[in-house]
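K.L.:
Sequence and predicted model, in that order:
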Amino acid sequence: MTVNEAVLEMRYSGIPEEDIEAILEICKKKGLTPQNIDKELEAKGLDKVFELEYDASESWFERGATSSAPSHKAPAKQGLEKEKK
């Protein structure tokens, strides 16, 4: 990961500029990795940017994929009738 990628990702997530600068200074010494950045964000009381919490998002798998899977229908053709008039 480059410094620019890290900065853009943190800006996109709404991290204040002063926190971004402080975190980058710390991570330049520790190593600029997603894990180090997230640890520093958490130390400042901010949400992680790079690591996802998969427990909640994978709950559908525990119930069974077929029970909650949406049915896949072909998309309806819209707008064609209006064009014919």
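P.N.:
All right, it came through fine. Owing to the predicted nature of the structure, the values given are computational and were not obtained by experimental measurement. Numbers count the residues shown, from 1 in each chain.
K.L.:
host element of N36?
P.N.:
In the assignment (DSSP states H and E), N36 maps to helix 34-43.
K.L.:
Which strands or helices does that helix pack on?
P.N.:
helix 3-12, helix 17-30 (3 or more CB pairs under 8 Å, 6 or more residues apart in numbering; DSSP states H and E). Every C-beta, even on glycine, is put in place using the N, C-alpha and C of the backbone.
K.L.:
which residues are contacting that helix?
P.N.:
The set of residues external to helix 34-43 that reach it, using CB atoms under 8 Å, 6 or more residues apart in numbering, is 1, 6, 10, 15, 19, 22-23, 26-27, 30, 47-51.
K.L.:
For ChimeraX, what selects the buried ones among these?
P.N.:
Of these, the buried ones go into a single ChimeraX selection, burial set by 16 or more other CB atoms under 10 Å:
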select :6,10,15,23,27,49,50
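K.L.:
ok, for D19, nearest residue in space, not its chain neighbours?
P.N.:
K44 (5.8 Å; CB to CB, 6 or more residues apart in numbering).
K.L.:
quick one, phi/psi of the one you found?
P.N.:
K44 has phi and psi values of phi -90, psi 0 when expressed as degrees, to the nearest 10.
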